[in-house]
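Chemist: My questions concern the predicted model and sequence given below.
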Amino acid sequence: MKRYQNIWMILAVILLSALPLWIVKKPVPCMNGREAEIFTGADDKAKEIVGSISPGYKPWFRSVMEPPSGEIGSLLFALQAAAGAGFLGYWYGCSKTRAKQDKAIRKEIRC
């Protein structure tokens, strides 16, 4: 029973992550003729606003790697967030286990 429960859980996670990508519709092109991107972030909007306020502005730094589309940039950001969350979860779990083991050892020493 437990084995099937895990399989269903994995399938549900895959479905919940892939289904929105299938359902989302591509928006119509913008007024300036550029193709509208679905998954743009706040960085792109801030870049456009700064460009409209000060057209001659030049950034201080350049990107090391420019992703081919906004979707890939969002994917890389999500992967970075997932890796960070995984690291923090692993560290927290190890800390709790280590504290539990230290407490058990101290309890044995007292007896």
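Modeler: On my side now, so go ahead.
Chemist: Could you use CA atoms for every contact and neighbour count after this?
Modeler: Fine.
Chemist: now the biggest helix by length in the chain: mean pLDDT?
Modeler: Using DSSP state H to define each element, the chain has its longest helix at helix 70-110. Mean pLDDT, helix 70-110: 91.
Chemist: Report pLDDT for residue 10.
Modeler: Residue 10 is given a pLDDT of 91.
Chemist: Now name the helix or strand holding it.
Modeler: Of the helices and strands defined by DSSP states H and E, residue 10 is found in helix 2-23.
Chemist: Just give me the neighbour total for residue 50.
Modeler: 14 (other CA atoms under 10 Å).
Chemist: And for residue 6?
Modeler: Residues lying near residue 6 (other CA under 10 Å) number 11.
Chemist: rewinding a little: starting at the chain centroid, how far to the longest helix of the chain?
Modeler: Here helix 70-110 is found 17 Å from its chain centre; the criterion is CA atoms, centre = their mean, to the nearest Å.
Chemist: Name the next helix or strand following the helix holding residue 10 along the chain.
Modeler: Criterion used, DSSP H and E; the element after helix 2-23 is helix 42-53.
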